[in-house]
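Asker: sequence and predicted structure are below.
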Protein chains: 2
Amino acid sequence: MMGDAIMAGDVYERVMDLARRRGFVWPTSEAYGAVAGFIDYGPLGAMMKRRIEDAWRGFYVVREGFYEIECPTIGQEAIYLASGHVKGFTDKMFQCPHCNEYLRADHVVEGGGRCANAAVLDEEALCRELEDLACPACDGRIGEVQVFGFSLMFQTSIGPGSQRTGYLRPETAQGIFTDFARLLRFYRDKLPFGATQIGKSYRNEISPRQGMIRLREFTQAEAEIFVHPAKKEHPNFARYSGYRMPLLGHPAQQAGTPAVEMSMAEAVASGTVANEYVAYYLALTHEFLTQVGVAPDRLRFRQHLPDERAHYACDCWDAECLSGRFGWVETVGIADRTDYDLRAHAAHSGQAFTVFIQYPEPIRRSETRVVPRMGALGPRFRGGAKQVADAIAATDPATASAPAGFTIEVDGKPIEITPDLYDVREIEVEVQGEEVMPHVIEPSYGIDRILYAVLEHSFDEEAVEGETRTVLRLSPAVAPIQVAVFPLMSRDGMDEVAMAITDELKAAGLMAEYDDSGAIGRRYRRQDEIGTPLAITVDYDTLDDGTVTLRDRDSMRQVRLSTASLAETCRALCRGRLRFDGLE
Amino acid sequence: MMGDAIMAGDVYERVMDLARRRGFVWPTSEAYGAVAGFIDYGPLGAMMKRRIEDAWRGFYVVREGFYEIECPTIGQEAIYLASGHVKGFTDKMFQCPHCNEYLRADHVVEGGGRCANAAVLDEEALCRELEDLACPACDGRIGEVQVFGFSLMFQTSIGPGSQRTGYLRPETAQGIFTDFARLLRFYRDKLPFGATQIGKSYRNEISPRQGMIRLREFTQAEAEIFVHPAKKEHPNFARYSGYRMPLLGHPAQQAGTPAVEMSMAEAVASGTVANEYVAYYLALTHEFLTQVGVAPDRLRFRQHLPDERAHYACDCWDAECLSGRFGWVETVGIADRTDYDLRAHAAHSGQAFTVFIQYPEPIRRSETRVVPRMGALGPRFRGGAKQVADAIAATDPATASAPAGFTIEVDGKPIEITPDLYDVREIEVEVQGEEVMPHVIEPSYGIDRILYAVLEHSFDEEAVEGETRTVLRLSPAVAPIQVAVFPLMSRDGMDEVAMAITDELKAAGLMAEYDDSGAIGRRYRRQDEIGTPLAITVDYDTLDDGTVTLRDRDSMRQVRLSTASLAETCRALCRGRLRFDGLE
């Protein structure tokens, strides 16, 4: 979702150049010509991505207690018929008559400045808008073209003989929905409960041109939280009720007024956010994103406009990160999807997808029932009497109250039921509880976009001693390497001491890297560029008195420390339990 | 790879029943009828799987220093044309004329007891063997059928207009090979280096019937280690040179003699294992598998037979785990693949896939060269002289030594080169080094099969107080839940203390679960069944004196401990730094 794009030079190029050069992100299978919409994470990128995923698990799996599950990426067609993806997961496309390139109609119309939200236009309107525009691929005037829907699901077939159509999943969520009954039993039949999934999802984009932002294969982290439809108060709302953050509701967007900072309690009380569950996960998302390194002043929470929101959702917000190249980029979506998904799967599969909610006390109530008179039915229908009786009992009492009786159907044949065959009576019944179809609260994170936003927001260049120092100001929680260890020279035993320190740091759970190549200054710059927060230098003094130099990436300040408590100190610094200036 | 199947009752059914019931492994998208060859990992299975993967990373990424990368699961066709998968990754299939089921020919022949290794038979031979066998699906006599190759790659197309064929990767390895040049630069152009990948791979099996053992979508953990072809001494071989384990070499298999226990140094010295690299990763694999919970007495290392081994591999071993249902199941393959993969990609892509290895000292040597005489070429070929001179210089000196000269081709036209246009001379050259195509050592792990083996090997039933106690004797390193916390009753503040302990354990990095439902005995049994090593009970005494009961899953023994050091004690027990009987 591209909003009001802010062009701030070529920060994307600079970030991606660093990412390619240093092993964060590479074009995939380059030797054969990279394919748009796919990337490789190199050694540092894959490490950083895993750290972001683990930070997410810290929130959702460990703290919230929503266990992770892992479903296949290939799903059978029935799932996506039910979810609506087979029919509705399409983009509108046209082919340029000059260069034959396939292009996404709404993006070309938006790019041509004709319309801010062309996704809502129908095919005819798109054709009209396109006619006078230039093709972004060849610059030719587009003219009269046909716009048609293109399915965004990758299709394949499972097993021989084209027996079964399979799709690569467009989202991880459907695996959680289809496991609903199993999950419900796992959580011992009680609401609320939640499950999460982190994994690959796929979207066969028509012509992706935005690097890491628009991928055909990407990683999602999704939570599906199943709640009682009438109980949308979050049991731990107190954790975030006072959490303040700027919210850009849809009335503000329509009025052109800025985001308003408020607490989550205020957001719910004022009706800005639909309920405590949505507000809770908005705040959690803000906390998570800023913790992994999204700059708070380049992060906003924007509510979907009424024409943008899915028809079934009762509230939906996007967390958007500001990029110098791409403007506001959607990185997380948080929605109250009501019972849309479960209802769809129930309808298509014939399974229940409900939870039996027991009342605190059984409720006694009187109900009008149609009661068959077995004494009269027996002689008349003989062996078929039971079947007729069941059909009578299942009849709507209002229908049965007609003076002439009514007609039932048994084995396809109509049977007249006269009033002498039954009574319509008030009966006292005891009801233990009810079957409830839960609502789903869904926070859905795009891990690749978050990783890119963190790279861009932490990218910094500063003049140091007449040179440009490039620094990734990554939080130690996501930096691929946490501590670099340098011997001043690789001789006289300094190399061995430095290697032993590296091993000790690794044993303490820190990712440490030994580097003995080039001048110390160059080694510092190399580590600054990949965001390593701490560097240790082993020198001749180390051999004498067992102390080393510890250097802080951001301030470039150095302290002299004993090797004895080194691993513990580095751990405390990386876990945020100690500040570097506390060492000085 | 099924070997001499040992039938030991229905342990598979018992393990899978537990796995389904308790949320380890579920049939996928059950509401629509599960598809063979796909599974869902439920909450506990996904957690256990992640722990196995993390243990693997502890060996390969942290200790060995082979960074992990992450490539897409969809790859363009060129990759798999080069790797040989488009042509050769097939299974031989036939269709039963009675029930129309597609079946894998070699498996049916092996299942019919006609042949132990039917994979080596050709299509004709398979047809002959099949003729008199019964169809395993409908039991009809198969008779005369056609056997043909079926591609095991899932195919899809990328983007609109069927522009590009894509395949779901059959192994993670190819992503590492195609990133070779980038990885080489990342590792600063030096051998040896390695890279790893953990992720989904796909194999469109014809008719998988073996639950978790034969999956169409599975998780691999692979390491590709690039080494100098002439230097197969492992730099850290000392770590495992004394490591002893039983090896079943191919001569022993052919002679029908049992595996021989030997140290890795002996294995290399005796020629049982081809080189130190292969031996090192055999030992590492043994250490890893037993650490995550494969029973040492149900684990063997079997060398491929000469007709089983890929033609290019110079040595290949499988780590096989014994299953009561499936016999010896291949879970890991360790191969020296020589330069087969890099050579294939070099040939198809036109890129180098080599490493420049600098000699310690430049080598001076004399070389015979064909030296063009520019003075003679200039007047004769004018503007074309440079091109002709280059072609002359590139000519084999042996060819150029012919008395009548030779013929070159420039822009498709033949040109006679007479001896007056060049000299053949000995020239002294200084050679700095050479381009070397590395060999690849590949340990390749099937994570799903390892997980299944660990479940089966840790599954135990014992009689306790007249009842059957089912226990998963999982190592704390892979148990999904590490500590269960029970309040004796959920009142009088015991529940709050138990919840606080749960939070404290989580903060200490342990997966803890609070459970207050049912009798204490039943809660213990529930945790035993999912392999939770430790359980803590908070009772009335806790409220008085701050002590709790800590119970050991395997011995069922209990000790009374202070809550003060509880988290630290549990950590130490789970990390293996402390034994339970040391507390008593």
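Answerer: Structure's in. What do you need?
Asker: quick check: mean pLDDT of the lengthiest helix in chain A?
Answerer: In chain A, taking DSSP state H as the definition, the longest helix is helix A:276-292. The average pLDDT within helix A:276-292 is 98.
Asker: for the residue in the stretch 401-550 of chain A that chain B sits nearest to, what is the enclosing helix or strand?
Answerer: Chain B sits closest to A:Lys506 of the stretch 401-550 of chain A, with a gap of 5.5 Å, by Cβ to the nearest Cβ. Every C-beta, even on glycine, is put in place using the N, C-alpha and C of the backbone. According to DSSP states H and E, A:Lys506 maps onto helix A:494-507.
Asker: in that helix, which residues are buried?
Answerer: A:494-495, A:497-499, A:501-502, A:504-506 (16 or more other Cβ atoms under 10 Å in any protein chain shown).
Asker: contacts for that helix, please.
Answerer: A:482-483, A:485-489, A:512-514, A:516, A:536, A:538-540, A:542-543, A:548, A:563, A:566-567, A:570, B:62-63 (Cβ atoms under 8 Å, 6 or more residues apart in numbering or on different chains).
Asker: what residues does the stretch 151-300 of chain A put near chain B?
Answerer: A:154-161, A:164, A:166, A:168, A:175, A:178-179, A:181-183, A:186, A:188, A:195, A:200, A:202, A:204-207, A:216-217 (Cβ under 8 Å from any Cβ of the partner chain).
Asker: hmm, back to that, separation between the residue of the stretch 401-550 of chain A closest to chain B and B:Arg63?
Answerer: 8 Å (Cβ to Cβ, to the nearest Å).
Asker: now do the helices in the stretch 251-400 of chain A.
Answerer: For the stretch 251-400 of chain A, the helices defined by DSSP state H, counting those that start in this stretch cover A:264-269, A:276-292, A:340-349, A:374-381, A:385-393, A:397-400.
Asker: most tightly surrounded among those?
Answerer: Here the criterion is mean neighbour count by mean count of other Cβ atoms under 10 Å in any protein chain shown, and of the helices of the stretch 251-400 of chain A the winner is helix A:276-292, at a mean of 23.
Asker: tell me which entries of the contacts of helix A:494-507 lie within helices.
Answerer: A:540, A:542-543, A:566-567, A:570.
Asker: check the closest residue to chain B within the stretch 351-500 of chain A and give its pLDDT.
Answerer: Residue of the stretch 351-500 of chain A nearest chain B, by Cβ to the nearest Cβ: A:Gln351 (4.7 Å). A:Gln351 is assigned 93 on the pLDDT scale.
Asker: nearest to B:Arg425 among the helices of the stretch 251-400 of chain A would be which one?
Answerer: helix A:276-292 (65.2 Å; Cβ to Cβ).
Asker: which of the helices or strands spans A:Arg449?
Answerer: helix A:447-458.
Asker: mind exporting the C-alpha coordinates of the helix or strand that that helix is followed by to PDB?
Answerer: Sequence-wise, the next helix or strand downstream of helix A:447-458 (DSSP H and E) is strand A:459-464. Provided in PDB are the C-alpha atoms of strand A:459-464 (Å, rounded to 0.1, in the frame of the first residue of the first chain):
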ATOM      1  CA  PHE A 459      21.100   3.500   8.000                       C
ATOM      2  CA  ASP A 460      23.300   6.500   8.800                       C
ATOM      3  CA  GLU A 461      26.200   8.300   7.300                       C
ATOM      4  CA  GLU A 462      28.300  10.700   9.200                       C
ATOM      5  CA  ALA A 463      31.600  12.500   8.700                       C
ATOM      6  CA  VAL A 464      34.400  11.200  10.800                       C
END
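Asker: starting at the chain centroid, how far to strand A:459-464?
Answerer: Relative to the centre of its chain, strand A:459-464 is centred 33 Å away, using Cα atoms, centre = their mean, to the nearest Å.
Asker: report the angle between the next helix or strand after that strand and strand A:459-464.
Answerer: Going down the chain from strand A:459-464, the next helix or strand is strand A:467-472, by DSSP H and E. Counting by axes from the mean of the first three to the mean of the last three Cα atoms, to 10 degrees, strand A:467-472 lies at 150 degrees to strand A:459-464.
Asker: for strand A:467-472, what is the average pLDDT?
Answerer: 94.
Asker: cool, stretch A:235-242 as well?
Answerer: 97.
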